[in-house]
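>>> The sequence and its predicted three-dimensional model are supplied below.
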Amino acid sequence: WNIKLQKCTNLLFLNMCCIQCVRTQEIAVVEDLGQFKKLLPPGFHCIFWPISSVVGSLSLRIQQLSVVCETKTKDNVFVQVAVAVQYRVLLESAYDAYYRLSDPSGQIRSYVFDVVRSTVPKMELDEAFASKQEIADATLHQLQDVMKDYGYEIIATLVTDLAPDSKVKASMNEINASRRLKEAAAHKAEADKIRQVKAAEAEAEARYLSGLGVARQRKAIVQGLQSSVTEFSDEVEGARPKDVMDILLLSQYFDTLSVVGANSLILEHDPATVASLQHQVGNSFLKGK
């Protein structure tokens, strides 16, 4: 009888024994008749079923929750703010993570909405784009302080997108395009101004050098004429400087006729023209004195 009783007891124990395998980076929750008993780490386990049972498990891996929140900026522009929250369950607080929160994702989402809708309305649209890190830091600090009490560690929060209405985007692009066109026009006008100034300076310099060359040329001609008149007067007896000047003036006159004829121009010729020209030049010198 004792042997039969022992066999029945062993058979009953085997039938009531339940094998449980917990995966890596997970932890299982065991209850005895509805009351928490223990946490099972990863590996192979035997529990006394139906007295004990695994009622759930928690992942210890880092998880990410994406939250999209609509809010309004200080300059009355509605924007969609996308926030990514990275979190994980704390092993030492797994009891709180399982029993104190029924919907951790909903809890995190509510706090993200609260922080974003209290931070972004204080900023204008351009400032909000430039202050993504500030929004992310405010969300991180708020979640870290609250979710730690519930057994969750907030690793990081990232503002992944900040999107205004499509019409606002189009108007912003037009404003930027107009600003760029204005800057381009200003640069082009400045370049044209510099080009014209440089051209005017170059023309003035060219005219100055041309005048300097003409002045030197005339000076050389006068010096040559003066030298010719002096030499001719010294070498030919009875020749006066006036006679020499008449001859040179006549020579210059014929040179002028030669140049004019080479350009196919018709010019009336009168020998009295040379005397008239000499008379006019002499009167001009006398008036100048």
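In hand now; what should we look at?
>>> I'd like the average pLDDT over whatever helix or strand Thr256 lives in.
Secondary structure from DSSP states H and E places Thr256 in helix 241-262. In this model, helix 241-262 carries a mean pLDDT of 67.
>>> and what of stretch 117-134?
88.
>>> buried ones in that stretch?
Across stretch 117-134, burial judged by 16 or more other Cβ atoms under 10 Å covers Thr119, Val120, Met123, Leu125, Ala128, Ser131, Lys132. For every residue, glycine as well, the C-beta is placed using N, CA and C.
>>> I'd guessed Tyr95 sits against Leu39; true?
Yes. In terms of Cβ atoms under 8 Å, Tyr95 counts as a neighbour of Leu39; the distance is 7.3 Å.
>>> so where do the strands sit in the stretch 1-150 of the chain?
Remark: strands assigned in the stretch 1-150 of the chain by DSSP state E, counting those that start in this stretch are 17-22, 26-32, 35-40, 43-48, 52-59, 63-72, 78-89.
>>> could you dump these to CSV with distance to Gly211, mean pLDDT and mean neighbour count?
Below are the strands of the stretch 1-150 of the chain laid out as CSV (distance: least, Cβ to Cβ, whole Å; pLDDT from 0 to 100; neighbours: other Cβ atoms under 10 Å):
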stretch, distance to Gly211, mean pLDDT, mean neighbour count
strand 17-22, 103, 75, 13
strand 26-32, 97, 87, 18
strand 35-40, 104, 85, 14
strand 43-48, 104, 80, 13
strand 52-59, 93, 85, 16
strand 63-72, 73, 91, 15
strand 78-89, 69, 92, 19
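>>> Mind putting those strands into TSV with distance to Glu174?
Written out in TSV, the entries for these read as follows (distance: least, Cβ to Cβ, whole Å):
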stretch	distance to Glu174
strand 17-22	59
strand 26-32	53
strand 35-40	60
strand 43-48	63
strand 52-59	48
strand 63-72	22
strand 78-89	18
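>>> Out of the ones you listed, which is closest to Arg180?
Comparison of the strands of the stretch 1-150 of the chain against Arg180 by Cβ to Cβ identifies strand 78-89 as nearest, at 23.9 Å.
>>> Who are the packing partners of the closest one?
The helices and strands touching strand 78-89, judged by 3 or more Cβ pairs under 8 Å, 6 or more residues apart in numbering; DSSP states H and E, are strand 63-72, helix 104-119, helix 132-147, strand 152-164.
>>> Now distance to Ser228 too, for the ones you listed, in a markdown table please.
What follows is the helices and strands packed on strand 78-89, written out as a markdown table (distance: least, Cβ to Cβ, whole Å):
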| stretch | distance to Ser228 |
| --- | --- |
| strand 63-72 | 98 |
| helix 104-119 | 98 |
| helix 132-147 | 91 |
| strand 152-164 | 90 |
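>>> Arg88: which of these is closest?
Per Cβ to Cβ, nearest to Arg88 of the helices and strands packed on strand 78-89: strand 152-164, 5.5 Å.
>>> Glu70 is in contact with Phe78, correct?
Yes. Here Phe78 reaches Glu70: they are 6.4 Å apart, a contact under Cβ under 8 Å.
>>> got any ranges where the stretch 151-289 of the chain has weak pLDDT?
Low-confidence segments of the stretch 151-289 of the chain (pLDDT under 70): 222, 225, 229, 232-250, 253-254, 257, 259-289.
>>> Where do the helices of it begin and end?
Here the stretch 151-289 of the chain has its helices, by DSSP state H, counting those that start in this stretch, at 166-235, 241-262, 272-288.
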